[in-house]
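**Q** Sequence plus the predicted model coming up.
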Amino acid sequence: MLKPLGDRIVVKAIEAETTSRGGIVLPDSAKERPQTGEVLAVGPGKTLDNGTTVAVEVKVGDKVVYGKYGGTEIKVGGEDVIILRQDDILGIVEG
């Protein structure tokens, strides 16, 4: 697995539904890039100018919502993942 540095977070995207509410099957070209994902790994946090480290607010297993065009997509062990900064995460999905 990939170990992120600083305030970076590794997320596996949760794919959007392939069928619309009306039952129409959507082709790949009509699907939007997923904006929710599951946290797979978390870096130690951001180091401030004074040397203190601020811990990342999410943990492994959290489901998060992130910006549409945030992060960098890479392939690790045959699996597509996204590396995000904590600032790219908009919120944690609860429940």
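**A** Looks like it arrived, so ask away. Numbers count the residues shown, from 1 in each chain.
**Q** Residue 6 and residue 54, how far apart?
**A** As for residue 6, its distance to residue 54 is 10 Å (criterion: CB to CB, to the nearest Å). C-beta: built from backbone N, CA, C; applies to glycine.
**Q** Name the residues contacting each of these two.
**A** 45, 46 (CB atoms under 8 Å, 6 or more residues apart in numbering).
**Q** Name the secondary structure element that contains the residue nearest to the spatial centre of the chain.
**A** Centroid check for the chain by CA atoms, centre = their mean gives residue 11 as the closest residue, at 3.5 Å. Element membership for residue 11, per DSSP states H and E: strand 8-13.
**Q** Following that strand in sequence, what is the next regular element?
**A** Of the helices and strands lying after strand 8-13 in sequence (DSSP H and E), the nearest is strand 36-42.
**Q** quick one: that following strand to chain centroid distance?
**A** Averaging C-alpha positions (CA atoms, centre = their mean, to the nearest Å) puts strand 36-42 5 Å from its chain's average.
**Q** Likewise for stretch 47-65?
**A** Chain-centre distance of stretch 47-65: 14 Å, with CA atoms, centre = their mean.
**Q** And stretch 41-52, by the same measure?
**A** Distance of stretch 41-52 from its chain centroid, counting by CA atoms, centre = their mean, is 19 Å.
**Q** Over to that stretch now: how far is its first residue from its last?
**A** Start and end residues of stretch 41-52 are separated by 21 Å (CA to CA, to the nearest Å).
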